[in-house]
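Student: dropping a prediction and its sequence here:
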Amino acid sequence: MSKHGGVRVRIAPSPTGFAHLGTASTALYNLLFARQNEGTFVLRVDDTDVERYRPEYEALIYESLHWLGLDWAEGPDKGGPFAPYRQSERVDIYKGEAARLIQEGKAYRCYCTPEELEAERRQAQLEKRPYRYSRRCLINPPLDRTVFAVRFKVPGGEIAFIDMVRGGMKFDADLIGDFIIVKSDGYPTYQFASPVDDALMKITHVIRGEEHLSNTPYQLMLVDALGHERAVAYAHMPLILAHDGAKMSKRKHPELNLAIYREQGYLPEAMLNYLALLGWNPGTAQEIFSFDELVRTFSFDRVQHAGARFDWEKLNWMNGEYIRKLGDDELTARLRPFLPQLDEETIRRAIPPLRTRMYKLAQAVDYLDYLWTDPAPPALDPEAAERVKAAINALKDVPWEPESIEAALEEAVARSGAGKGKFYTPLRDALTGKKVSLPIHYTLHLLPRDVALQRLQRATNVRV
RNA sequence: GGCCCCGUCGUCUAGUGGCCUAGGACGCAGCCCUCUCAAGGCUGAGAUCGCGGGUUCGAAUCCCGCCGGGGCUACCA
């Protein structure tokens, strides 16, 4: 396998907030490609932003990825032949690489302050010319300063590479200014750490979001300067946009947070399916894909070039499809965490009427919370109260099963001369306190008979 | 500002010169089923293919320009 020069891919999420939808999407495509090639999927944690890093964010990434079943072979928690996999634990490596570049005259110390840099930038903007670092610290380094960052001396020229979704890419590196590779706090920038690790970890294919397309020439120049081998190809996946076409933001777009899907009861396999179709299509009418089917069908040449908007409606539909396909045992098991108040047997009995009524598991709570929450008895008009009484009579001795309850009720309805609607509505109200519920016979059946009859009885005593 | 990517129904998309009076899916509307809500079945509305020029007998598909959106241009990743 990978030991003999096989495919190696990675994701490199940054633990600076909750786990992102984009991370899941990128991980999916990486894993798909790895599986297709019997390659190795690596997880590397990009924790070089000391300001924003939190260990709990890192835990969130593991959690979400595990939930989705997107498992890695090498990572900080698993180790591997290229450990460590946490960039904060690799700073010596980056420092060494940076020192080598300085020694070879391919990088230099920059003592400029943020203010000075800002002034340079503003000046450039004022003169309406593209900004590039002036190289003042290369040409004429100050002697009285000690705090420095390391800048890469960009060689310029044309940088070309293969993008598996877009084909051959070409960038003019003469337009790129010298950029910082080691910050003054000693940590590497993303632009530096990422290519160094990719090279050292023998990553063969870099599959990541489109926001990194323009970063690629920066990183390629570094790889070349360091004398490392370049990845054989890149793939830049279309961005997932918010529904309004804007970039997703933490504030305005809860759908960015991976944790909410689990909390709401979206199935991991539905998420993966939806994510796969957001930015890729098989060229056929098929929309429902198991993971294995995706492995068989996915290819980068059918990946979309434009960003795709996230659509709750379609996700909901797809999740519903997956829920409806689940067997009773499986659905029961998945529902349990959402219904801690109910025993397994009750959940199981609720499943037949429940299955087609949910597009996400958390909705089961709305349908079933009457089982553990006593509703306020409704105020009934005399006619309705009579019907409830008739129902009580009909239900008193009937076997407590959905079918027999339904039959008894229908008989009572016929006798009453009223329609089912008029007859069942007060029952539903007395039983659940709601306008919407599971079919009335199931609503009754799921409740113990004595509790059900008690709620009905009580309702006959309350008058408008 | 510079560089790069992108632009087909509201949304995700099929489409690589004639098979397109532009297909599918979600959503939407109507009907059927029906105790409510779903699911399911049937039917339907919805895109002058961003705009303007070319090339061609013929363009959503090729070329040019423009406009619009996004990304990068940070001691964020």
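Tutor: Received the coordinates, thanks.

Student: where does the stretch 351-464 of chain A dip in pLDDT?
Tutor: Applying pLDDT under 70 to the stretch 351-464 of chain A flags residues A:462-464.

Student: residues of the stretch 151-300 of chain A that sit close to RNA strand B?
Tutor: A:166, A:169, A:171-172, A:175, A:177, A:179-180, A:183-185, A:187, A:189-191, A:210-215, A:238-239, A:241, A:243, A:245-247, A:277-279, A:281, A:283, A:285, A:287 (Cβ under 7 Å from any atom of the strand). Just so you know, the C-beta spots here come from the backbone N, C-alpha and C atoms, and that holds for glycine as well.

Student: any of the residues you listed buried? List them.
Tutor: A:166, A:169, A:171, A:179-180, A:183, A:187, A:189-191, A:210, A:212-213, A:238-239, A:241, A:277-279 (16 or more other Cβ atoms under 10 Å).

Student: quick one on the thing from earlier: the residues of the stretch 151-300 of chain A next to RNA strand B in helices, which ones?
Tutor: A:190-191, A:277 (DSSP state H).

Student: need the contact list for A:Asp77.
Tutor: A:Tyr62 (Cβ atoms under 8 Å, 6 or more residues apart in numbering).

Student: pLDDT score for it?
Tutor: Looking at A:Asp77, its pLDDT reads 95.

Student: shouldn't it be within a helix?
Tutor: No: the assignment for A:Asp77, made by DSSP: H, G, I helix; E, B strand; the rest coil, is coil rather than a helix.

Student: could you report the distance from it to A:Ala333?
Tutor: 26 Å (Cβ to Cβ, to the nearest Å).

Student: A:Phe289 contacts A:Ala276, correct?
Tutor: Yes: using Cβ atoms under 8 Å, A:Phe289 makes contact with A:Ala276 at a distance of 6.4 Å.

Student: for A:Asp49, helix, strand, or coil?
Tutor: Criterion first, three-state DSSP; result for A:Asp49: coil.

Student: so who does it touch?
Tutor: A:14, A:16, A:187.

Student: quick check: phi and psi on it?
Tutor: phi -100, psi 90 (degrees, to the nearest 10).

Student: check A:Arg251 too.
Tutor: Dihedral angles (degrees, to the nearest 10) for A:Arg251: phi -60, psi -60.

Student: on that earlier part again, so which of A:Phe289 and A:Ala276 has more stuff around it?
Tutor: Counted by other Cβ atoms under 10 Å, A:Phe289 and A:Ala276 do not tie: A:Ala276 has more neighbours, with 22 against 18.

Student: check the offset of stretch A:132-146 from the chain's centre.
Tutor: Relative to the chain's own centre, stretch A:132-146 is displaced by 44 Å; criterion: Cα atoms, centre = their mean, to the nearest Å.

Student: report the contact partners of A:Ala73.
Tutor: So, once contact is read as Cβ under 8 Å, 6+ apart, A:Ala73 ends up touching A:40-42, A:80.

Student: contacting residues for the residue in the stretch 201-350 of chain A positioned nearest to RNA strand B?
Tutor: With Cβ to the nearest atom of the strand as the measure, A:Ala306 is the residue of the stretch 201-350 of chain A nearest to RNA strand B, at 2.7 Å. Applying Cβ under 8 Å, 6+ apart, we find A:Ala306 in contact with A:Pro238.

Student: and A:Val150, by the same measure?
Tutor: Here A:Val150 is in contact with A:98, A:101-102, A:107-110, A:180-182 (criterion: Cβ under 8 Å, 6+ apart).

Student: then A:Gly168?
Tutor: Applying Cβ under 8 Å, 6+ apart, the residues near A:Gly168 are A:160-162.

Student: now the residues you listed: which count as buried?
Tutor: Looks like those have A:Phe161 buried, using 16+ other Cβ under 10 Å.

Student: so for stretch A:157-167, mean pLDDT?
Tutor: Stretch A:157-167 comes out at a mean pLDDT of 94.

Student: how long is it end to end?
Tutor: 20 Å (Cα to Cα, to the nearest Å).

Student: what's the answer for stretch A:43-59, then?
Tutor: Length of stretch A:43-59, first residue to last, Cα to Cα: 13 Å.

Student: same deal with stretch A:324-331?
Tutor: 9 Å.

Student: again with stretch A:125-136
Tutor: Note: stretch A:125-136 ends 18 Å apart using Cα to Cα.

Student: is that stretch up against RNA strand B anywhere?
Tutor: Yes: among the residues of stretch A:125-136, A:128-131, A:133 lie within reach of RNA strand B under Cβ under 7 Å from any atom of the strand.

Student: where does A:Thr373 sit: helix, strand or coil?
Tutor: A:Thr373 is classified as coil under three-state DSSP.

Student: run a quick neighbour tally on it.
Tutor: 10.

Student: now do A:Asn393
Tutor: 12.

Student: how about the strands in the stretch 301-450 of chain A?
Tutor: A:308-309 (DSSP state E, counting those that start in this stretch).

Student: all helices for it, in order.
Tutor: Applying DSSP state H, counting those that start in this stretch to the stretch 301-450 of chain A gives helices spanning A:312-325, A:328-335, A:344-355, A:363-368, A:382-395, A:402-416, A:420-432, A:440-446, A:449-461.

Student: check those helices for me and report the most buried one.
Tutor: Comparing the helices of the stretch 301-450 of chain A by mean neighbour count (mean count of other Cβ atoms under 10 Å), helix A:440-446 comes out on top with a mean of 23.

Student: could you pull up phi and psi at the closest residue in space to A:Glu263 that isn't next to it in sequence?
Tutor: Nearest residue to A:Glu263 in three dimensions, chain neighbours excluded: A:Ala362, at 7.2 Å (Cβ to Cβ, 6 or more residues apart in numbering). In terms of degrees, to the nearest 10, the main-chain angles of A:Ala362 are phi -60, psi -20.

Student: does A:Ala362 touch A:Leu335 like I think?
Tutor: No: assessed by Cβ under 8 Å, A:Ala362 is found out of contact with A:Leu335, at 9.8 Å.

Student: sketch out the low-pLDDT regions of chain A for me.
Tutor: A:1-5, A:462-464.

Student: does the closest residue to A:Ala259 other than its chain neighbours belong to a helix, a strand or coil?
Tutor: Closest residue to A:Ala259 apart from its sequence neighbours, by Cβ to Cβ, 6+ apart: A:Phe18 at 6.0 Å. With three-state DSSP as the basis, A:Phe18 sits in coil.

Student: A:Phe18 contacts A:Asn257, correct?
Tutor: Yes: if you go by Cβ under 8 Å, A:Phe18 and A:Asn257 touch, sitting 4.7 Å apart.

Student: overlap of the contact sets of these two?
Tutor: With Cβ under 8 Å, 6+ apart as the test, A:Phe18 and A:Asn257 both reach A:Lys250.
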